[in-house]
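Novice: Sequence first, then the predicted structure:
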Amino acid sequence: MGSFVTLASIAAAAALLSVSPLDAAPAAEEMTSVREWVTNSFGSASSLPFSFVYDGKSSRDLLTTWDARRSEKRLDDRRLQSTITYADSRTGLEARCEVIRYLDYPAVEWVIYFRNAGKSDTAILEDVRALDTVLPCDKTGKLLVHYADGSDMKITDFAPRETVLAAGESLRIHSEPTSSIYALPFFNVEAAEKGVIGGIGWSGWWYADFVREQEGGASIRAGMPGTRLLLHPGEEIRTPRILLMFWEGDRVDAHNKWRRLLLDHYSPKPGGKPVLIPFIGSGWGALPEAEQIKRLRWYHDNQLPIECFWIDAGWSGKTGPIGSWPENAAIRVPNPDYYPNGLKPISDEAHKCGMKFLLWTWPNRALPGVGVGQEHPEWIVNGEAVDHGNPDTNEWLIEENLRLIREQGIDIYRQDGYPVYPPDSGPDRAGINQIRHFVAFYRFWDALLERYPNLIIDNCSGGGRKIDLETISRSVCLWRSDYQVPMYDPIGMQGQTYGLSFWVPLSAGFARTTDAYSFRSGYSPGMAVGYTDILTTVYGEDYAKLFNYEEGRREMNNYLSVRSCFYGDYYPLTCYSVASDVWMAWQFDRPEVGTGLVQAFRRPDSIYESARFRLTGLVSEARYEVTDIDEKKPRVMSGADLMNDGLRITIMDKPGAVVVTYKRL
């Protein structure tokens, strides 16, 4: 019995990682479009797709008079990097743009760095737009901007949004103080069956403005607001990262190209391999060692195929009665009343059972007179945290958390909390401390991953509130929204998967119960369950006797059998809704291996018992073995029938959920 989790994990990983990269190469027209756009946009100082104001003058005028240097190198067989540097010989300011054009996707990325190479302070640098360009657009055609809500503890978290812009109309999307509270930092500008999907790599404040110009064209400007500063000699800052992917044809197909682009180039690769998010059992941290091991063993000994054991907040603190977990988060030492031997006995037991070990942290949390706040009171900002932007603090944070990972046997490092940095010192340094903070924060994560290349970082950040290009390339989000606290809402979870899947391919869902409707609402590339906490709350110590083991094993194993499908292409089959009287359905398809699934949910107040869904992305001439995972009675249908006539699904339960898999024969 001791090896079943390990074997399940290896089988699942092999099924996912042994296949070739996702198919459907970009069209030649798309690759030509991006190549021409890069040449035209970065070819001269007057056409650059970014802008700034320096010493009261626009960069559109200034850069044509500055010294320019260009270099180019091939990073690998899929990326070509160009570096363009403009230097002002009068004041010493250098503007360096590093551009990466992808050779396997119709996409281009860039970051701008500003450096003072002179011997005195620069003039004022302001109104820095990391993206400032106009996309061609027919005067009379429809211009649509697609985007999504962020994670704001609402049932509509990650809801898809669409705005139609008429001539002269504008739209602004933004988030603050972190990157994905009010809106996700992604967008798709569509006109006449072609468009551009964009992403912003900045974990703090950002904005994106869209204007339908009167004379035609779509103006897009994006960046970090409020930047107005001078640079001291030798000082360097950077802008948000910008990624654009050009597309033609069907918008949903374009989003699937975007998903593949992010999976290939902007997703973690622990140990050099694409990340496989484990199936996780989560629990509260303020419990004795023996109870944690008991709960871990309960999953293992009852053949509940958990691949990772998660200890959340509450594990750290001082001797004596534990205080509130936010207070004790400032003490990164296991509470001796609960963990006299530290957490290593628990991580060792998890590893013995073939599981990974996940530990919650709030690394920048600090209080006056406590821990580091006692040793370095000058480090404390706003009485609540330390700032990554302080070089001494950041180096301490790196070493402190490397020690934590090493001593406690951590495989998945779960980071919570929010950014804290001091106010800027004056109007001529506006934005400098935010920039310093997030640049150092990326260095913090990079240092952890450099020392522990197999480490997985869980980007919690208050529940999905720091999702952007920079974070998703280093982490995965295992807790997408605090909307699911304290109670679980299947409709909210369904909505999160529906909306987020257009923009971010990797995240995890959650379930608290074993009934099919609730559990299947949590299906995602990763998934966590919180059985031990909720069952203890409801049943006390009798939870082990009252748990529905047959249902639990069935639902958990069903999920593992289809998990790899969620790493494929995504097709919504219904409209988005959080109403209780509708159906919601989607399809995930892996064309490179000919497999996929359809999930359908009948909400509790829906009067309809069946629905028919036309599938997408199949081979018309091929035959497919189609199986309801509950009935397990396969039938054979042609790709043409599934795409034209559709797949009929009946759900008698209210609420109810059906999962149908298909496999190309």
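Specialist: Looks like it arrived, so ask away. Numbering: from 1, shown residues only.

Novice: Mind splitting this protein into its structural domains?
Specialist: Domain assignment for the chain, taken from automatic domain parsing, gives 28-265, 273-485, 569-664.

Novice: For Glu400, give me its contacts.
Specialist: Neighbouring residues of Glu400 by CB atoms under 8 Å, 6 or more residues apart in numbering: 332, 363, 372. In this view, the C-beta of every residue, glycine as well, is placed from N, C-alpha and C.

Novice: Check the secondary structure at it for me.
Specialist: Classification of Glu400 by DSSP: H, G, I helix; E, B strand; the rest coil places it in helix.

Novice: Pull up the gap between it and Phe357, please.
Specialist: 19 Å (CB to CB, to the nearest Å).

Novice: picking up where we left off before, quick check on the contacts of Glu400: which are buried?
Specialist: 332, 363, 372 (16 or more other CB atoms under 10 Å).

Novice: Surely the last one is in contact with Val386?
Specialist: Yep, that's Val372 we're talking about. Yes: counting by CB atoms under 8 Å, Val386 is a contact partner of Val372 at 6.8 Å.

Novice: what is in contact with those two at once?
Specialist: Residues touching both Val372 and Val386 (CB under 8 Å, 6+ apart) are 366, 379, 396.

Novice: so where does the last one fall, helix or strand?
Specialist: When you say that, I think you mean Trp396. Secondary structure from DSSP states H and E places Trp396 in helix 391-408.

Novice: Please tell me how far Asp424 sits from His437.
Specialist: For Asp424 relative to His437 (CB to CB), the value is 11 Å.

Novice: For the two, indicate the residue with more neighbours.
Specialist: More neighbours surround His437 than the other of Asp424 and His437, with 22 against 16 (other CB atoms under 10 Å).

Novice: Determine the three-state secondary structure at that one.
Specialist: Looking at His437 with three-state DSSP, the answer is helix.

Novice: measure it to Gly234 for me?
Specialist: 19 Å.

Novice: so which of the buried ones among the contacts of Glu400 comes closest to Tyr113?
Specialist: Nearest to Tyr113 among the buried ones among the contacts of Glu400: Pro363, at 26.3 Å, using CB to CB.

Novice: Spit out the contact partners of the closest one.
Specialist: When contacts are taken as CB under 8 Å, 6+ apart, Pro363 is in contact with 332, 397, 400-401, 415, 417, 444.

Novice: Ala167 too?
Specialist: 139, 212-214.

Novice: okay, who's weakest in the contacts of Glu400 by pLDDT?
Specialist: Minimum pLDDT across the contacts of Glu400 is recorded for Arg332, with 86.

Novice: Would you agree it is in contact with Gly371?
Specialist: Yes: if you go by CB under 8 Å, Arg332 and Gly371 touch, sitting 7.1 Å apart.

Novice: Buried only: go through the contacts of Pro363 for me.
Specialist: Using 16+ other CB under 10 Å as the threshold, 332, 397, 401, 415, 417, 444 are the buried ones among the contacts of Pro363.

Novice: After the helix or strand of the chain with the lowest mean pLDDT, heading C-terminal, what element do we hit next?
Specialist: Of all helical and strand segments in the chain, the minimum by mean pLDDT, DSSP states H and E falls on helix 4-17, at a mean of 39. Remark: after helix 4-17, the chain's next helix or strand is helix 28-42, criterion DSSP H and E.

Novice: so how many other residues sit close to Val636?
Specialist: 10.

Novice: what separates the closest residue to Arg241 other than its chain neighbours from Arg115, distance-wise?
Specialist: In this structure, Arg241 finds its nearest non-sequential neighbour in Gly201, 2.9 Å apart by CB to CB, 6 or more residues apart in numbering. Remark: distance between Gly201 and Arg115 (CB to CB) = 19 Å.

Novice: So those two - more neighbours on which side?
Specialist: Using other CB under 10 Å, the more surrounded residue of Gly201 and Arg115 is Gly201, with 25 against 20.

Novice: Backbone torsions only: list them for Leu144.
Specialist: Dihedral angles of Leu144 (phi, psi; degrees, to the nearest 10) stand at phi -120, psi 140.

Novice: ok so, going back, CSV please, covering the contacts of Pro363 and showing distance to Ser179.
Specialist: Converted to CSV, the contacts of Pro363 look like this (distance: CB to CB, whole Å):
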residue, distance to Ser179
Arg332, 25
Leu397, 20
Glu400, 25
Asn401, 21
Gln415, 14
Gly417, 14
Phe444, 16
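
Novice: wait, Pro326 sits on Val370?
Specialist: No: contact criterion CB under 8 Å: Pro326 and Val370 do not qualify, at 11.9 Å.

Novice: roughly how far apart are Ala313 and Arg403?
Specialist: 19 Å.

Novice: So for the two, which residue has more residues nearby?
Specialist: A direct count of neighbours by other CB under 10 Å for Ala313 and Arg403 places Ala313 higher, at 19 against 11.

Novice: In contact with that one: list those residues for me.
Specialist: 284-285, 325, 329, 360, 362, 416.

Novice: same thing but at 6 Å, please
Specialist: For Ala313, the contact set (CB atoms under 6 Å, 6 or more residues apart in numbering) comprises 285, 325, 360.

Novice: would you say it is within a helix?
Specialist: No: under three-state DSSP, Ala313 sits outside any helix and is assigned coil.

Novice: Just give the number of residues close to the residue lying closest to it once chain neighbours are set aside.
Specialist: Leaving out its chain neighbours, the residue that sits closest to Ala313 by CB to CB, 6+ apart is Trp325, at 4.4 Å. Trp325 has 18 neighbouring residues, counting by other CB under 10 Å.

Novice: Okay, now the unreliable bits of the chain?
Specialist: 1-25, 319-323, 533-543 (pLDDT under 70).

Novice: Is the residue of it positioned farthest from its centre in a helix, a strand, or coil?
Specialist: Here the chain reaches farthest from its C-alpha mean at Arg90, the gap being 42.6 Å by CA atoms, centre = their mean. Three-state assignment for Arg90 (three-state DSSP): coil.
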